[in-house]
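**Q** My questions are about this predicted structure, shown below with the sequence.
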Amino acid sequence: MQKSGFPWGFAVGIVVAAIFAVIISLIPGGVFTDPVGYVVLLVVVFVAGPPTVWLLRAIAANRGVDPVSMVVGGMSGALLFDGLALSYIPGLYGQTGEALTAVATMLLVAFAAIGISAHFMGALKAADA
């Protein structure tokens, strides 16, 4: 039985979420409030789901830990980081008002994309299942 990958995934999730918060802060606020620009951002975060799962699974393989718990840990770490950052340091995302609300919604779509990708990629099934 493999060791849990949750701690590794959790740490990776926090680091990746922090990096994306900085990237989001560099995007002009108008992109988040423009309907076409926002759809483009939503497509980008949705398409990023499978590569995120591949990254987490690759790290799990490299560390010799359970890939399922790695994926769950990664999602949990990122969700915790973004939830707390949006609540306590929203300026980290470089947006205010309607644009900040759009950022929060976009992050929810990103997490859903990771979960959906993980499901269809079989990343949430135990190796012996």
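**A** Cool, got the structure.
**Q** Please make it C-alpha for all contacts and neighbour counts, starting now.
**A** Noted.
**Q** Please, where are all the strands along the chain?
**A** Under the criterion DSSP state E, the chain carries no strands.
**Q** pLDDT averaged over the lengthiest helix in the chain - what is it?
**A** Looking across the chain with DSSP state H, the single longest helix is helix 97-120. Mean pLDDT, helix 97-120: 96.
**Q** distance between it and the chain's centre?
**A** Centroid separation for helix 97-120 versus its chain: 8 Å, with C-alpha atoms, centre = their mean, to the nearest Å.
**Q** Over to stretch 17-31?
**A** Relative to its parent chain, stretch 17-31 has a centroid offset of 13 Å by C-alpha atoms, centre = their mean.
**Q** For the remainder of this discussion, apply numbering that starts at 443.
**A** Renumbered: residue one is now 443, and that last one reads stretch 459-473.
**Q** what comes up buried for that stretch?
**A** Across stretch 459-473, burial judged by 16 or more other C-alpha atoms under 10 Å covers 459-460, 462-463, 466, 471, 473.
**Q** repeat for stretch 557-569
**A** Result for stretch 557-569 [16+ other C-alpha under 10 Å]: buried residues 557-560, 565-566.
**Q** Who are the contact partners of N504?
**A** Residues near N504 by C-alpha atoms under 8 Å, 6 or more residues apart in numbering: none.
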